[in-house]
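Colleague: Sequence and predicted structure are below.
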Amino acid sequence: MANIDIKFIAKKSGCSIATVSRVINRSKPVSEKLQKRVVDTIRKYNYNPSVHAQYLAGKKSKLFGFIMTNYINQYQLLLFRYLNEFACKMGYGCIIRYCNSGFEEKLEALRELEIRGIEVCFSLFLLSREEEAYIKEHFRIKVCHMQSPEMRLNIMEKNESSVYETICYLAQLGHRRIGGIFCIDEMDDSFLIARKRGFLRAVKQMQLDQEESLIGQIHGDYEKSSLISVIEKIFVPQKLPTALFCFSDEVAIEVMSWIMKHGYRIPEDVSVVSFDGIPFAERITPSLSTISQPVEYQAKSIINGMLYLQDGVERPCDEKENEYLLQIRDSVGIPGHYEK
């Protein structure tokens with residue numbers, strides 16, 4: 001078989017060597033049609049210039065890849081800020097690819113990263129076991145995510161226990177009707193489901209009201225109309241919750257806006273608490289009570305996990321920094337009574 005190099009790819013795709021180089025390195029704009037032709041040819045012949053060059057030189061890639069959702073919340077932005085910071089400290093650059101949640105789109109992003117010679121990629125999307133198995137079989141690039149064992153984040157346990165303790169705290173304040181808004185996740189078991197599990201365990205143990213109408217669920221890529229439908233289901237006249245837990249700060253902020261527009265007071269009529277600990281949570285009025293995630297610890301653990309996949313060297317983080325802290329602010333108080 002002919003030697004597969006950049007000249008070969010240029011000939012097979014019907015363009016110049018310079019054009020192939022621009023597509024690979026993204027150094028100059030190339031038409032979408034031409035880029036697709038070059039990329040398709042690269043894939044067809046399994047050509048990976050960066051990896052081959054590094055292999056011949058006995059070197060490892062000094063780039064990390066990241067796949068991120070097109071819709072990025074403030075927590076994810078904060079996490080990536082620290083990921084980039086810690087990667088740079090270890091001498092690595094970062095390349096990001098944005099995509100939607102469909103598996104084919106994730107694979108497309110991975111192919112682009114692999115063409116660039118990246119050996120390890122972190123996905124902000126959770127991956128199912130089936131997806132991980134497929135990637136392992138069809139790609140050279142190693143892919144990890146928040147729940148990968150290499151990350152050593154204990155994320156399932158931490159998410160469940162922190163929500164459990166928060167609901168118990170609300171119960172100790174005197175709240176008996178506590179509602180919850182959660183995210184429907186495509187995976188059978190994820191940290192988002194762990195949050196709901198912690199909520200339900202606390203409700204049962206503290207013998208709180210367990211009416212089905214107190215629980216609402218939305219999809220990860222939700223629209224505002226679907227969130228409003230969930231809120232309206234929970235805020236039934238004469239059966240109002242005295243407290244509400246939301247699975248993320250950004251959802252909680254939208255919920256609080258709806259609550260106040262409809263004449264309810266926070267926290268006199270309903271207390272609100274959520275999850276993530278984004279900086280904006282303490283700047284709104286009333287300031288939002290939230291479970292703050294140890295984002296710096298998470299970023300360090302992720303980079304250490306990626307380095308482990310790269311070189312097999314263990315770099316443990318200080319477990320004392322892996323604490324989820326409930327920050328009580330103005331949005332939480334003792335149960336009150338709403339009057340028209």
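Modeller: Nice, thanks for sending it over.
Colleague: so what pLDDT did the residue nearest the centre of the chain get?
Modeller: For the chain, residue 124 is the residue whose C-alpha lies nearest the centre (C-alpha atoms, centre = their mean; 4.4 Å). Per-residue confidence at residue 124 stands at 91 (pLDDT).
Colleague: Is it correct that it is in contact with residue 69?
Modeller: Yes: checked against C-beta atoms under 8 Å, the pair residue 124 and residue 69 is within contact range at 6.0 Å. All C-beta atoms are positioned from the backbone trio N, CA, C, and that covers glycine.
Colleague: Spell out which residues are contacts of both of the two.
Modeller: The contact sets of residue 124 and residue 69 overlap at residue 76 (C-beta atoms under 8 Å, 6 or more residues apart in numbering).
Colleague: Quick one: the strands in the protein, in order.
Modeller: For the chain, the strands defined by DSSP state E cover 63-69, 93-99, 120-123, 142-145, 178-184, 215-219, 243-246, 271-276, 289-292, 325-327.
Colleague: ok, residue 9 - contacts?
Modeller: Contacts of residue 9 (C-beta under 8 Å, 6+ apart): 20, 38, 41-42, 45, 47.
Colleague: can you check residue 159 too?
Modeller: Here residue 159 is in contact with 191-192, 194-195, 198, 275, 324 (C-beta under 8 Å, 6+ apart).
Colleague: Which two of those have the greatest separation?
Modeller: Longest distance between any two of the contacts of residue 159 is 14.5 Å, between 192 and 324; criterion C-beta to C-beta.
Colleague: Point out the most buried one among the strands of the chain.
Modeller: The highest average neighbour count among these, using mean count of other C-beta atoms under 10 Å, belongs to strand 243-246 at a mean of 28.
Colleague: From the chain's centroid, how far away is it?
Modeller: Chain-centre distance of strand 243-246: 21 Å, with C-alpha atoms, centre = their mean, to the nearest Å.
Colleague: Same check on stretch 120-138?
Modeller: Distance of stretch 120-138 from the chain centroid (C-alpha atoms, centre = their mean) equals 14 Å.
Colleague: Enumerate the positions of it that are buried.
Modeller: Neighbour counts using 16 or more other C-beta atoms under 10 Å place 120-127, 131, 135 of stretch 120-138 among the buried residues.
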